[in-house]
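3D model of this:
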Amino acid sequence: LELFQQMQVEGVEPNEVTFIGILSGCNHAGLLDDGWHYFFSMDRDYSITPTVEHFLCMIDLLGRAGRLDEAESLVNSMPFGPCAVAWISLLGACRMHGDVERGAHAAECIFEIDPKNDAPFVLLSNVYAAAGKWNDAIKVRKTMKNRDVKKKPGHSCIEVKERVHEFVA
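Predicted coordinates for the structure are as follows:
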């Protein structure tokens, strides 16, 4: 944020990528009010129309802050329509804050958009398990199996001495 202020002082115009960095910074620092300020200033002060990435940053910021009503409202008000990633972000926040009902709704929305996506099954199962709703968690996993949706393994890559090494979990 200090760098952005320095850019302003020096007359450097921000672009869409600048604001993704700013909103991501606000997200990881938990600066909800600042996030809203910069989100609205994009259009108001710089004539930059927020893209899906900007909305996703704000949805994630609201979700981490426990403002799930606002996060869901923002998902539903996206001018290009809600996308699976927005709902997944909300579902992850529901898992974090224990909102089972909203989590189930978010998962259903993802199933409609992207029925073969493994994330909503895994996250919803975890939401139910965290709430002690083991039968519901098992039911979600069975539904995943019945729909032949497979959980993709996690993987990471690093480069060491000009060679790329991939790790799969």
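
which parts of the strand or helix carrying Ala129 are buried?
Assessed by DSSP states H and E, Ala129 sits inside helix 119-130. Residues 119-129 are the ones in helix 119-130 that count as buried (16 or more other CB atoms under 10 Å). (Glycine included, C-beta is placed from N, CA and C.)

which helices and strands sit right next to it?
Helix 119-130 sits against helix 84-97, helix 100-113, helix 134-146, with contacts defined as 3 or more CB pairs under 8 Å, 6 or more residues apart in numbering; DSSP states H and E.

Check those for me and report the most buried one.
Of all those, helix 84-97 carries the top mean neighbour count, a mean of 23, counting by mean count of other CB atoms under 10 Å.

Quick check: mean pLDDT of it?
Predicted confidence along helix 84-97 averages 95 (mean pLDDT).

quick one: Asp33 and Val168, what's the gap?
41 Å (CB to CB, to the nearest Å).

try Met144
Counting by CB to CB - Met144 and Val168 are separated by 20 Å.

next one: Cys83
On the measure of CB to CB, Cys83 and Val168 end up 27 Å apart.

which sections of the protein are below the confidence cut-off?
Along the chain, segments meeting pLDDT under 70 span 153, 155, 169.

which residues does the spatially most central residue of it contact?
For the chain, the residue nearest the mean C-alpha position is Ser89 (3.0 Å; CA atoms, centre = their mean). Ser89 sits next to 56, 59-60, 63, 71 when contact means CB atoms under 8 Å, 6 or more residues apart in numbering.

and the gap between it and Gly103?
Where Gly103 is concerned, Ser89 sits at a distance of 12 Å (CB to CB).

What of Met96?
10 Å.

and if you look at Cys26?
Distance from Cys26 to Gly103, by CB to CB: 24 Å.

Could you list which of the contacts of Ser89 belong to strands?
Judged by DSSP state E, strands contain none of the contacts of Ser89.
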